[in-house]
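Visitor: my questions concern the predicted model and sequence given below.
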Amino acid sequence: MPSWSKLLLAALALVLGLAAPAVAQEGKRIAISFDDAPRHPGGFMTPDQRTAALIAGLAEAGVEQAGFFVTTGNLDTEFGKGGEDRIRAYVAAGHVIGNHSHSHTWLSRNSAADYIADLDRAEAWLAGKPGKRPWYRFPYLDEGRDLGRRDALRAALAQRGLMNAYVTIDDYDWAIDDLARKAVEAKRPIDRNALRDLYVETIVGTADFYDAMARENLGRQPAHVLLLHETDIAGLFIADLIKGLRAAGWTIVTMDEAYRDPIAQTEPDTLYLGGGRVAALANIAGKNPQSLVYERTNEAVLEKLFEERVIVRGDR
Ligand SMILES: [Zn+2]
């Protein structure tokens, strides 16, 4: 090949390389995660129906890879029957799984040794399973309220090659699901469209709240990790939620991509860890914890909205 054409090819490659769309490093990016699988049922469907609905909804919405965090103790319960098959179904659909402990307890209420033994029990169950990632999601986002337990767990996870599967967006989706379940059980009439709107609007609002917090305190937009639970309302409305996030300017990314963000590389040096990683970093930057909680991350606020908007009253 004449040298001029090699040069031309090299120049062309350079131009194409520069022109190729770079992977978005900023903008509103979010990965979707579900805790407590296999979770207790809500008010609308069986656990098998819920898994089928979640898989279909995520596929319909074009979510390539969500994360499911498994509480292995739930597999031993009545509602956990068939849970292993449901977890396998999520993985077969392209999603990934991580450790959410065996007993779902608080680090701050247990000795570090007992707590570590419990997560090891879950890890033993997860070992070698397809779709398994080396991720540990703390139940209640409780990373310990003293330095002793916090740092014992940081060391234990590092020793096991496990990453703290932090979230950046903490919300009370479970509280909305609970309100709906109780209303259905009490045979109170509910407006499903209003339930969908309350769910979507609350989660999108929370995501935007944490994104603004990141821009203000980190000076950048990390790839966010959304905390959801394996609820019936997620089964009913996950595709609507993803549509709502996109309408608000969010791009959905995989869990693998989110955990490649630089904020995955550091453990914030604070005890304010229960609101997720962005809130922890904002706290280190000097923010008062009270300013770091979204107004709807509150059971009383959600109950009031649920009563006003979702419950159908005879007088209207
Ligand atoms: Zn949990």
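Guide: Looks like it came in fine.
Visitor: alpha carbons only for contacts and neighbour counts from here, please
Guide: Will do.
Visitor: now do the contacts for the closest residue to residue 105 other than its chain neighbours.
Guide: Nearest in space to residue 105, with sequence neighbours left out and distances taken as C-alpha to C-alpha, 6 or more residues apart in numbering, is residue 139 at 6.3 Å. Residues near residue 139 by C-alpha atoms under 8 Å, 6 or more residues apart in numbering: 100, 101, 104, 105, 106.
Visitor: how about the residues of the chain near the ion?
Guide: Counting by C-alpha under 5 Å from the ion, the positions of the chain adjacent to the ion are 36, 139.
Visitor: show me the strands in the chain, by range?
Guide: Applying DSSP state E to the chain gives strands spanning 29-37, 67-70, 96-99, 132-136, 163-164, 224-229, 251-252.
Visitor: determine which of those strands approaches residue 271 most closely.
Guide: The minimum distance between residue 271 and the strands of the chain falls on strand 163-164, with 14.7 Å, by C-alpha to C-alpha.
Visitor: show me what that closest one is packed up against.
Guide: strand 132-136 (3 or more C-alpha pairs under 8 Å, 6 or more residues apart in numbering; DSSP states H and E).
Visitor: note down every partner strand of the strand it packs on and its orientation.
Guide: strand 96-99 (parallel), strand 163-164 (parallel) (DSSP bridges).
Visitor: buried residues in the first one?
Guide: This points to strand 96-99. Going by neighbour count (16 or more other C-alpha atoms under 10 Å), the buried part of strand 96-99 is 96, 97, 98, 99.
Visitor: nearest to the ion, of those?
Guide: For those, the residue nearest the ion by C-alpha to the ion is residue 99; the value is 10.3 Å.
Visitor: so what's that closest one up against?
Guide: Per C-alpha under 8 Å, 6+ apart, neighbours of residue 99: 69, 70, 71, 119, 122, 123, 126, 134, 135, 136, 137.
Visitor: which pair in these spans the largest distance?
Guide: 71 and 134 (14.6 Å).
Visitor: quick one: which of the two has more around it?
Guide: It is residue 71, of residue 71 and residue 134, that has more neighbours when counted by other C-alpha atoms under 10 Å, with 23 against 17.
Visitor: OK, contacts around residue 56?
Guide: Not one residue lies near residue 56 by C-alpha under 8 Å, 6+ apart.
Visitor: ok, now residue 84?
Guide: With C-alpha under 8 Å, 6+ apart, residue 84 has these contacts: residue 75.
Visitor: now it: how far from residue 149?
Guide: 31 Å (C-alpha to C-alpha, to the nearest Å).
Visitor: and residue 95, how many neighbours?
Guide: 24.
Visitor: residue 207 and the ion: what is the separation?
Guide: Distance, residue 207 to the ion, using C-alpha to the ion, to the nearest Å: 19 Å.
Visitor: 585 is where my numbering starts, stick with that
Guide: Right, with 585 as the first residue, what we last looked at is residue 791.
Visitor: what segments of the stretch 635-784 of the chain are helices?
Guide: Along the stretch 635-784 of the chain, the stretches classed as helices by DSSP state H, counting those that start in this stretch are 667-676, 696-710, 731-743, 757-769, 776-802.
Visitor: in a markdown table: these, plus mean pLDDT.
Guide: Output for the helices of the stretch 635-784 of the chain, formatted as a markdown table (pLDDT from 0 to 100):
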| stretch | mean pLDDT |
| --- | --- |
| helix 667-676 | 98 |
| helix 696-710 | 98 |
| helix 731-743 | 98 |
| helix 757-769 | 98 |
| helix 776-802 | 97 |
